[in-house]
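> Structure for the following, please:
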Amino acid sequence: KSVLLVTSHPDDESMFFGPTIQAAKRMGAQVHILCLSAGNADGLGEVRAKELDAAGNYLGVASVNLVDDAALRDGFEEKWPVEAVAAQVDAAARKVGAETVVTFDAGGISGHPNHTATYRGVLYWMLSEDYRETLRGVRQVWSLVTTNTVRKFVGAYDAFASFFLDPDAMLAASNPLVLMRAMAMHASQFVWYRRLFVVFSRYSYTNTL
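Numbering: from 1, shown residues only. The predicted model follows:
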């Protein structure tokens, strides 16, 4: 079993998708991360690349692929072409033999335009005739549900709401502390409000897809 996790920036995997990574590993799957940018908006791309490798290794993922593409630059004002995202997703899916692909939904969890562009690019990849050969081997494509602000910050208690409101797939973290430590490995980003985020965010405890 091979799962391809498509993210936008280093730290997305730890901040948002940790329960999915842990659940996939419990089911015996290999998790591969495709990160579409180095998060270089503040000139920290090289630092963040190393942090991603460290966090990925700590989480036990099978591989980390960090994209360096001029069309996919980190930033709120950057416009990511769906074609560029789709090409990267297709190449990664073929390389790892992905049977399952997971990414953001249309809300992008935080609403960051790079997150929403990642979703649109994966959707384009799914619907484009150009990638039919790769898609024949892909059984499932899932998107991480964006919740409202109240649900986002009730931590583990959101599992109850998820059970009744988001029944498609609810994945629980096997060890939230591991996910928080993985996020701490993104030291350049681990400022006070992100420290609070990983404690109170539902995404440290539960993912609904």
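
> mind listing the helices for the chain?
12-15, 18-26, 45-59, 82-96, 108-111, 113-127, 132-135, 149-152, 158-165, 176-184, 192-200 (DSSP state H).

> Any chance of these in CSV with mean neighbour count as columns?
All C-beta spots, glycine's among them, are computed from the backbone N, C-alpha and C. As requested, the helices of the chain are exported to CSV (neighbours: other C-beta atoms under 10 Å):
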stretch, mean neighbour count
helix 12-15, 28
helix 18-26, 22
helix 45-59, 19
helix 82-96, 20
helix 108-111, 17
helix 113-127, 21
helix 132-135, 13
helix 149-152, 13
helix 158-165, 15
helix 176-184, 19
helix 192-200, 13
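
> Worst mean pLDDT among these?
The minimum mean pLDDT among the helices of the chain belongs to helix 158-165 (a mean of 60).

> quick one on the thing from earlier: nearest to V3, of the helices of the chain?
helix 18-26 (4.8 Å; C-beta to C-beta).

> thinking again about what came up before, now the helices of the chain in CSV, please, with extra columns for distance to K1.
Formatted as CSV, the helices of the chain follow (distance: least, C-beta to C-beta, whole Å):
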stretch, distance to K1
helix 12-15, 18
helix 18-26, 8
helix 45-59, 17
helix 82-96, 11
helix 108-111, 25
helix 113-127, 19
helix 132-135, 17
helix 149-152, 29
helix 158-165, 23
helix 176-184, 21
helix 192-200, 27
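
> Quick one, which of those helices gets closest to S37.
helix 113-127 (6.7 Å).

> helices or strands up against that closest one?
strand 2-7, helix 82-96, strand 100-104, helix 108-111, strand 140-144 (3 or more C-beta pairs under 8 Å, 6 or more residues apart in numbering; DSSP states H and E).

> which outside residues touch the first one?
Applying C-beta atoms under 8 Å, 6 or more residues apart in numbering, the external contacts of strand 2-7 come out as 13, 16-17, 20-21, 24, 29-36, 61-62, 89, 92-93, 96-104, 118, 122.

> before we move on, back to that, for the helices and strands packed on helix 113-127, which one sits closest to A182?
strand 2-7 (13.0 Å).

> export that closest one as PDB, just CAs?
Output of strand 2-7 as PDB, limited to C-alpha atoms (Å, rounded to 0.1, in the frame of the first residue of the first chain):
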ATOM      1  CA  SER A   2       1.300   3.400  -1.000                       C
ATOM      2  CA  VAL A   3      -0.100   6.700   0.100                       C
ATOM      3  CA  LEU A   4       1.000  10.000  -1.500                       C
ATOM      4  CA  LEU A   5       0.400  13.000   0.700                       C
ATOM      5  CA  VAL A   6       0.400  16.300  -1.300                       C
ATOM      6  CA  THR A   7       1.200  19.400   0.800                       C
END
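
> Report the mean per-residue pLDDT for it.
Strand 2-7 comes out at a mean pLDDT of 99.

> buried set for it?
Residues of strand 2-7 classed as buried by neighbour count (16 or more other C-beta atoms under 10 Å): 2-7.

> any idea which of those residues is the one closest to T206?
Nearest member of the buried residues of strand 2-7 to T206, counting by C-beta to C-beta, is L5, at 16.5 Å.
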